[in-house]
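Peer 1: Below are the sequence and a predicted model; questions follow.
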Amino acid sequence: MDKNDTLDAKGLMCPMPIVKLAKKMKEMPVGAVLELIADDVGSKEDVPAWCKRTGNELVGQKDEGGVYYYYIKKVQ
Amino acid sequence: MAETKRFAMVVSEGTFDKAMMAMMMGNTAASMGIETHIFFTFFGLNLLKKGTKPKLPGMMRFFTGMMVKKMKGIGMDGYQEQLAMAKELGVKLYACSTSMEMMGIKKEDLIDGITVLGAAAFLNIATDADMQLFIG
């Protein structure tokens, strides 16, 4: 999947991946896609919820044996 | 983007578990673009004192260091770091004026950036909130 930047949040538990994701997304330009890598199982619910709440778009996700990849496009 | 929501939280205990929960919820909410307000009252007020290091309640207080270490191991910052993060994320922090008087705590004993107010002023904020939590 095309991406402009990666945020590795492996080893971090809720809520740190979300706090770091919010910070990172603030620095990124509109239209850019961030790859977020996390291994907190809670992120499967948390990341889509964060995207919905903040109005950013989750354009893709995959689970590779307990490591979760999210592709989030900055809409605003 | 969904319309901006407001979150009002009251913290009435000053122990480590309550402190961390308030910070984790508050910082997550702020990270989600939710306008977050936290009112510290009774023993919760101690959490706004400069350099405070909250402990677990009762006899468990001796295990606070162990828990802090465990949290660090899963990438979680300590209380002071989380408090600094809350300020950075724009979380509004309030000290209860009556609790300050009762516990002999002065404004200068508290960290910077705190608004001192009474119950009526906070309730005014909470009335317009979409979500309220009481941590006590």
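Peer 2: Received it, and whenever you're ready, just let me know what you need.
Peer 1: Low-confidence stretches in chain B?
Peer 2: Along chain B, segments meeting pLDDT under 70 span B:1-2.
Peer 1: in chain B, which spans are helices?
Peer 2: B:16-31, B:64-73, B:79-88, B:97-103, B:119-127 (DSSP state H).
Peer 1: Please write out the alpha-carbon positions of the longest one in PDB.
Peer 2: This file holds the C-alpha atoms of helix B:16-31, laid out as PDB (Å, rounded to 0.1, in the frame of the first residue of the first chain):
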ATOM      1  CA  PHE B  16      -1.800   6.600  41.400                       C
ATOM      2  CA  ASP B  17      -4.500   4.500  39.800                       C
ATOM      3  CA  LYS B  18      -7.000   7.300  39.700                       C
ATOM      4  CA  ALA B  19      -4.400   9.700  38.400                       C
ATOM      5  CA  MET B  20      -3.300   7.500  35.600                       C
ATOM      6  CA  MET B  21      -6.800   6.700  34.500                       C
ATOM      7  CA  ALA B  22      -7.700  10.400  34.400                       C
ATOM      8  CA  MET B  23      -4.700  11.100  32.300                       C
ATOM      9  CA  MET B  24      -5.100   8.200  29.900                       C
ATOM     10  CA  MET B  25      -8.800   9.000  29.300                       C
ATOM     11  CA  GLY B  26      -8.100  12.700  29.100                       C
ATOM     12  CA  ASN B  27      -5.200  12.400  26.700                       C
ATOM     13  CA  THR B  28      -7.000   9.900  24.500                       C
ATOM     14  CA  ALA B  29     -10.000  12.100  24.300                       C
ATOM     15  CA  ALA B  30      -7.900  15.200  23.400                       C
ATOM     16  CA  SER B  31      -6.100  13.100  20.800                       C
END
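Peer 1: Between helix B:64-73 and it, find me the angle.
Peer 2: Orientation of helix B:16-31 against helix B:64-73 (axes from the mean of the first three to the mean of the last three CA atoms, to 10 degrees) gives an angle of 30 degrees.
Peer 1: follow-up on the earlier one: winner for burial among the helices of chain B?
Peer 2: Highest mean neighbour count among the helices of chain B (mean count of other CB atoms under 10 Å in any protein chain shown): helix B:16-31, with a mean of 22. In this view, the C-beta of every residue, glycine as well, is placed from N, C-alpha and C.
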